[in-house]
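*Asks:* sequence plus predicted model, see below.
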Amino acid sequence: MKTMKVTFQVNSDKVTLQVKPYETLLETLRERLALTGAKEACGMGSCGACTVVVDGIPMRSCLVLTPEVNGAVITTVEGLKQDDRLHPLQEAFMEKGAVQCGFCTSGMIMTAKALLDRNKKPTKKEIITTISSNICRCTGYKKIVEAVEAAAKRT
Amino acid sequence: MVLPEFEYKKANSIAEAVALYKGYKGKAKYLAGGTDLVPLVKLRLSAPKAVIDLKGIKELKTISRGDGWLSIGANVTLFDLKNDPAIKGYFPALYESLDATSCETLQMRGTIGGNILQDTRCLEYNQSLQWRTARGFCFKMGGKTCNVVQGAKACFANYCSDNAPALITLSAQAKLAGPKGARTVKLENLFTGDGKKPLALEEGEMLVQIQIPLKKTKGAYEKLRIRDSMDYPLVGVAVSVAGTKARACIGGVGLVPRVYDLKNVNDAAVREAAEKAYAEAKPVANATLTPAYRKKMVGVLLKRAFNKALQEGK
Amino acid sequence: MKDDLNIVGKRVVRSDSLAKVTGQARYTADLKFPNMLVAKVLRSPYPHAKIVRIDLKRALKVPGVKAAISGFDGYGIKWGVFRYTQDHAMLHTDKVRYIGEDVAAVAAVDEETAMEALSYIKVDYEPLPAVYDPIESMKDGAPQIHSEYKNNINIHIHIDVGEVDRAMGKAFLVREDTFKAAGEAYAMMEPYAVVASYVNGYLDLWMPNAGPHVRAKALSNMLKLPLNKVRIRHINSGGAFGGRSEVAPGDLVASLLSIKAGRPVKLVLSREENATSSRQVHDMIATVKTGMKKDGTIVAKDFKVIYDGGAYSSTGPIATSIPFYVYEECYRFPNVRYNGYRVFTNKGIRGMYGCHGRAFLAGNEAQMDIMAKQLGMDPVEVRLKNGLRSGEMTATKSKITSCGLKETIIAASEKTNFKKRWAKPSRLKGVGMGCVAIMCGFPMGFRSGSSCYVKINDDGQVTIVTGLVDNGQGNESMVIQVASEVLGVPMGDINLVNADTEVTNLDPGAYSQAAAFVGANAVRVACENARKRIVAIASEKLGVKEAEIGLKDGLAYSIKKPDKKMPISWVVREAFFRGEPIVATGSFFPNIDFEREWVSRPWGQMAGTFSFGTSVAEVNIDSETGKITMPRFTSAHDCGRAINPMAVEGQMEGSIQQAGVAAITEGNLWDKGHLLNPDLLEYKVPLACDMPDMDTIIISSRDPAGPFGAKEGGLTVRMNAYSAVACAVANATGELFSELPLTPDRVMNILERKKGVK
Ligand SMILES: Cc1cc2nc3c(=O)[nH]c(=O)nc-3n(C[C@H](O)[C@H](O)[C@H](O)COP(=O)(O)OP(=O)(O)OC[C@H]3O[C@@H](n4cnc5c(N)ncnc54)[C@H](O)[C@@H]3O)c2cc1C
Ligand code: SF4
Ligand code: FES
Ligand code: FES
């Protein structure tokens, strides 16, 4: 099997890897880089648990081939903390009780992060539209919406 | 779920992509956002030897105006297209269909080209190899029966692009390029009616641009789905009105979007079109709601889309 | 009851959330060990077939394959929760009973190799006739799925209290209706995964589970290993909802492979496998006959409920009973008969579910409204009239010790202006109310209690050790909060060691609503015992009476003269000097009648206490499409006391999604034995945009035995939210539903039925 050389930045690290051409970004993050924050809940693009931000865009990493992100800048949930300070979204998710089992949490946070990065003051409706890309089985979403609203006020 | 083995190639020009395709002797797949293709490959419904990534081709990424046309590169994402002011201003049906497609995250990755060229869907088809092996292969997988309609001689999978029906109501055309050269076809002529090969593309042919006559229209898109995000259409009805003429197009039911032209938009003509569309729609039990209900909704949503389109225009 | 509490009752940040928002919380699929192998399972393509032969030889020859197993490699011991339901070998040598059932498995160096190897396993089957519908399955001549269960009737629960026929004969109003509901998918976001590591005769296992001790026991039986050599370890769980309660085939598969290969083995199910081959929820058909007096008093109930149980018993006796009990714990039924039949079919295994019983419960509630209306009453009146009160007995002789049912009904109806709106529904807009009660715990023999061990370390920090498990609902944080309250030590200074069978004691687990009432109570008792020791030393050292010592923020102080104080760490060091470190144990065993048995003796005290709740749904129906939208949803829940109100609200909101909105979206779809929506796309878990505005109201009835008065945190909503929706649809249309979920096509049928009648 032929492998390919791929270089990208993930969080603060620049990485160069030999990957399978048919390897998904989710596999690369989880299996090669030990970044297991992104989860595989469906593997088919139907839930958003695997969402990471690639060049500012939220992506379902289970549908992205790693060679596609050659040269890209990738942020995962592990890279949100800055100088040991939690990202406002992380703080707000904790304070508002938006986390239960936590399996959807990193995907939710990364989806919301991409929203706040492109839209500093989203309306509640915009927040709901955005997070309707992701499934949460536990919370009923109310506290997730509240957390994103609170984080938007803080950024 | 791991993917099966294939090679990855990235093309920087249309010519390069077509040349790569030829090199794989038809065993390659073009890759745009991958949101339709990757799930199919994971399910072992598509087994390319290589994928040819088109995202490096600059001319596929632009939206331009000229000669009375709006030309949209095949790789423009649904999200970017939706946010282009021309769409909302000129083509409300398309704006609404883009907005109703899947979910925001997938709109940011999925392209208009990939959306139009997506495979048809069926509850008995979009399943894993294990699942389908237990069920037995149907026509669309190279078998000899349909697993939904006993004794049928054809496939009834649904073409579920939300945006192709809207584009068809806008008289859009597709600019194609392939090993045999370039051609332009009306979008509604892109469908074969054959479940195994639902799209009338030649071997290695690429979608380069979608072109829409740049005329202001009134319009609307009505989509039947269970959840208000993520879900494919169970019925999708697009309507565009320009002057006294109008066009409606039905998607989500069967292999081919059905087109209805109205020379004079008035209540009677709309009613007639709704009745005709209802009569001609042939949904089968291969999506989540009952076929009888989906059939009924074809007429209901067509009327509703006209109402909305004409009201908003006022 | 003491009300000046420091931390219990506060909206505290859950102790597990930091790890979860930073991506550091580890779930089973995240685990990686040196030399770890990947397992894959070969599954049955037949709904029902005899296994003639399984040949693993060629698979074993694939380079990179380290072990392969089938049922012939195990002991063939059949698992069952009860002695009389031992019918599940997990890996079979005789026959397969559903599509997707585990047949054989391999462990290899990577997933691709394992998948390749599966294709070389040769299995010869002899297909057998199969049956998919429980009514067909009960008929004479239907294919027999298990030889020992005649007519495929797995469980029959028969309860007969009073004189039903006589009371029905004398009733002023009698009505009988039949309701159906499709089974749901648990759809927990984490697909099932298990890691097994067999080293030096010891088997360590990690998997999302709702009760580590019962799981270890089952595996020790099936693997013929002593219990001290099977250790279930703590790991985060990505949701359970009842679907992780029992030992799973994957546990046995991974264990056998690890024993064979001598290396750790990880098995992660795909989303499809999780849907087809872990657990599913029962489809059901409920016939409800009710007799009422002219004044709305229910005089008799006669129930026949058929549960489609899939291929094995699972928690059958419990599942066949619970919908009835949560209803009889809510209302007064002087005469009641219940016939619950759980029937085998050639479909996946069905287990208990947090929202179990929707056809039965929603059917009862919607029927009650229609009858009340005929008698000139409204839903509030009829519920208040028939609702149980504190001190009363249920029909099957459980005493209700504390009851906030009335308060939940009143709070929810006042908040929504219910009575007025119900009386005058505007066109296709309706409101509906659903009530239910939930037992906090149920008889599980000696496993019904919990115990806790607590030690205070030399720096004043605390370690608590308990068998209690968390599936995402916040149980871990809850017991830390309780310990913090009792010991006066901040939550951040408390470490929890839990859900590890080697170091913790028995606990009822997280599937009988006993975590707060039993698990947290044991923690409370242990901490109180430790507290007494701290107070004794502090009293001596500070020269203050024991009764006047307070503990707060890591300090022991005089309540009267707060500047007289010392750090708890000093107290602890003193205790070490005395050779009597501060360690304590505490247990809680609920007041349950242990003679009670699900099938043979269905009466006696069911649980230590019961929670109560009322939900109100508001629906709008689109007259042309039948699509329901829900602008608002209100739930009031009597949880005794909310230890962490934010967590209770979260449970209630999640329940509105999983039971309320699911009542219009969720259901498994079948084509004979093929599950058509084993995914997260065609199985419709509601999204944020589908959610109503939600109001949650917490009612505190302060249970005398609960920890600080607590009972359980929100399950009533999981079992009354669909009722509220069904009742609201009846209010809007004037018609009873016949089948859940109320997808738009079914709602159109209701609307058309109504037109037809006119
Ligand atoms: C959970 C989920 C929900 C979805 N819901 C919807 C929905 O509601 N409505 C809807 O319409 N779609 C839906 N989709 C499908 C898909 O996301 C969109 O249709 C998307 O626009 C596809 O674009 P893409 O760029 O990702 O296509 P790709 O997957 O990259 O391509 C699709 C097909 O087109 C071919 N192709 C792509 N570009 C070209 C080109 N320029 N020339 C020739 N061939 C090309 C590919 O080879 C492939 O066969 C959904 C998908 C998922 C995973
Ligand atoms: S409609 Fe019939 S032939 Fe077509 S994909 Fe579905 S089962 Fe196969
Ligand atoms: S795991 Fe990628 S979308 Fe579900
Ligand atoms: S917190 Fe469990 S899935 Fe969202």
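*Replies:* Done, it's in. Numbering: from 1, shown residues only, chains lettered A, B, ... in the order given. Ligands and ions are numbered 1, 2, ... in the order given.

*Asks:* now the nearest residue to residue C:404 once chain neighbours are set aside: how far from ligand 4?
*Replies:* The shortest distance from residue C:404 to any residue other than its chain neighbours is 3.0 Å, reached at residue C:638 (CB to CB, 6 or more residues apart in numbering or on different chains). Where you see a C-beta, it was placed from the backbone N, CA and C, and this is true even at glycine. Counting by CB to the nearest ligand atom, to the nearest Å, the gap from residue C:638 to ligand 4 is 25 Å.

*Asks:* tell me, how many residues neighbour residue C:638?
*Replies:* As a burial measure, residue C:638 scores 30 neighbours (other CB atoms under 10 Å in any protein chain shown).

*Asks:* same question for residue B:12.
*Replies:* Using other CB under 10 Å, residue B:12 is surrounded by 12 other residues.

*Asks:* ok, now which ones touch it?
*Replies:* Residues in contact with residue B:12 (CB atoms under 8 Å, 6 or more residues apart in numbering or on different chains) are B:56-57.

*Asks:* residue B:113 belongs to a helix?
*Replies:* Yes - according to DSSP: H, G, I helix; E, B strand; the rest coil, residue B:113 belongs to a helix.

*Asks:* show me where the chain has its strands.
*Replies:* I'll assume chain A. Secondary structure of chain A, counting by DSSP state E: strands at A:4-10, A:13-19, A:51-54, A:57-60, A:73-75.

*Asks:* other chain: chain B
*Replies:* Under the criterion DSSP E, chain B contains strands at B:7-10, B:28-31, B:50-53, B:63-66, B:69-73, B:173-178, B:181-186, B:206-213, B:218-224, B:235-242, B:245-251, B:258-262.

*Asks:* partner strands of the first one, with direction?
*Replies:* With DSSP bridges as the test, strand B:7-10 is paired with strand B:50-53 (parallel).

*Asks:* residues from chain A in reach of ligand 3?
*Replies:* For chain A, the residues in contact with ligand 3 (CB under 6 Å from any ligand atom) are A:40-43, A:45-50, A:60, A:62.

*Asks:* what about 8 Å?
*Replies:* Chain A comes close to ligand 3 at residues A:26, A:39-51, A:60-63, A:107, A:135, as judged by CB under 8 Å from any ligand atom.

*Asks:* inside helices: which ones of these?
*Replies:* Of the residues of chain A next to ligand 3, the ones assigned to helices by DSSP state H are A:26, A:107.

*Asks:* keep only the residues of chain A next to ligand 3 that also lie close to chain C.
*Replies:* Filtering the residues of chain A next to ligand 3 for proximity to chain C by CB under 8 Å from any CB of the partner chain leaves A:39-44, A:46-47, A:49, A:135.

*Asks:* would you convert the strands of chain A into a markdown table that also reports mean neighbour count?
*Replies:* Below are the strands of chain A laid out as a markdown table (neighbours: other CB atoms under 10 Å in any protein chain shown):
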| stretch | mean neighbour count |
| --- | --- |
| strand A:4-10 | 17 |
| strand A:13-19 | 13 |
| strand A:51-54 | 26 |
| strand A:57-60 | 26 |
| strand A:73-75 | 20 |
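
*Asks:* need phi/psi at residue C:17.
*Replies:* phi -80, psi -30 (degrees, to the nearest 10).

*Asks:* ok, now residue C:486?
*Replies:* Main-chain dihedrals, residue C:486, degrees, to the nearest 10: phi -70, psi -40.

*Asks:* which ones are touching it?
*Replies:* With CB under 8 Å, 6+ apart, residue C:486 has these contacts: C:524, C:527-528, C:531.

*Asks:* with secondary structure and pLDDT added, can I get those in a markdown table?
*Replies:* Converted to a markdown table, those look like this (DSSP: H, G, I helix; E, B strand; the rest coil; pLDDT from 0 to 100):
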| residue | secondary structure | pLDDT |
| --- | --- | --- |
| C:524 | helix | 97 |
| C:527 | helix | 98 |
| C:528 | helix | 98 |
| C:531 | helix | 98 |
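
*Asks:* count the neighbours of whichever residue of the stretch 201-314 of chain B sits closest to ligand 2 for me.
*Replies:* Closest approach of the stretch 201-314 of chain B to ligand 2 (CB to the nearest ligand atom) occurs at residue B:286, with a separation of 4.9 Å. Residue B:286 has 24 neighbouring residues, counting by other CB under 10 Å.

*Asks:* which phi and psi does it have?
*Replies:* The phi/psi pair for residue B:286 (degrees, to the nearest 10) reads phi -120, psi 20.

*Asks:* and the gap between it and residue B:156?
*Replies:* Distance of residue B:286 to residue B:156, computed by CB to CB, to the nearest Å: 6 Å.

*Asks:* which residues are common contacts for these two?
*Replies:* What both residue B:286 and residue B:156 touch, as defined by CB under 8 Å, 6+ apart, is the set B:122, B:148.

*Asks:* please tell me how far the closest residue to residue C:569 other than its chain neighbours sits from residue C:561.
*Replies:* Spatial nearest neighbour of residue C:569, excluding adjacent residues (CB to CB, 6+ apart): residue C:460 at 3.2 Å. Plainly put, residue C:460 is 22 Å away from residue C:561 if you go by CB to CB.

*Asks:* these two: which is more packed in?
*Replies:* Higher neighbour count among residue C:460 and residue C:561: residue C:460, with 20 against 11, using other CB under 10 Å.

*Asks:* where does that one land on pLDDT?
*Replies:* Per-residue pLDDT puts residue C:460 at 95.

*Asks:* then residue A:11?
*Replies:* At residue A:11, pLDDT is 97.

*Asks:* got the contact list for it?
*Replies:* Residues in contact with residue A:11 (CB under 8 Å, 6+ apart) are A:74-76, A:78-79.

*Asks:* may I see the ChimeraX selection of the buried members of the contacts of residue C:486?
*Replies:* Per 16 or more other CB atoms under 10 Å in any protein chain shown, the buried members of the contacts of residue C:486 correspond to this ChimeraX selection:
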select /C:524,527,531
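
*Asks:* what residue in the stretch 551-700 of chain C comes nearest to ligand 2?
*Replies:* residue C:671 (9.7 Å).

*Asks:* who does that residue bridge with?
*Replies:* residue C:674.

*Asks:* count the neighbours of residue 114 for me.
*Replies:* The chain I'm using is chain A. Neighbour count for residue A:114, taken as other CB under 10 Å: 23.

*Asks:* that's the wrong chain, I wanted chain C
*Replies:* By other CB under 10 Å, 26 other residues sit near residue C:114.

*Asks:* check whether whichever helix or strand it is part of contacts chain B.
*Replies:* Element membership for residue C:114 (DSSP states H and E) is helix C:111-118. Yes - among the residues of helix C:111-118, C:111-112, C:115 lie within reach of chain B under CB under 8 Å from any CB.

*Asks:* report the spatially nearest residue to the residue of the stretch 201-314 of chain B found nearest chain A, omitting neighbours in sequence.
*Replies:* Per CB to the nearest CB, residue B:229 is where the stretch 201-314 of chain B lies closest to chain A, at 3.7 Å. Spatially, and ignoring its direct neighbours in sequence, residue B:229 is nearest to residue A:132 (3.7 Å; CB to CB, 6+ apart).

*Asks:* in the stretch 551-700 of chain C, which residue sits nearest ligand 1?
*Replies:* Residue nearest to ligand 1 within the stretch 551-700 of chain C: residue C:681 (5.2 Å; CB to the nearest ligand atom).

*Asks:* distance of that residue relative to residue A:113?
*Replies:* Using CB to CB, residue C:681 is found at 24 Å from residue A:113.

*Asks:* pretty sure residue C:406 is one of the things the residue nearest to residue C:404 touches, is it not?
*Replies:* No - the criterion here is CB atoms under 8 Å, and residue C:638 misses it with residue C:406 at 9.5 Å.

*Asks:* neighbours around residue 109, how many?
*Replies:* If you meant another chain, say so; for now it's chain A. By the criterion of other CB under 10 Å, residue A:109 has 29 neighbours.

*Asks:* not quite, I wanted chain C
*Replies:* By other CB under 10 Å, the residues close to residue C:109 number 16.
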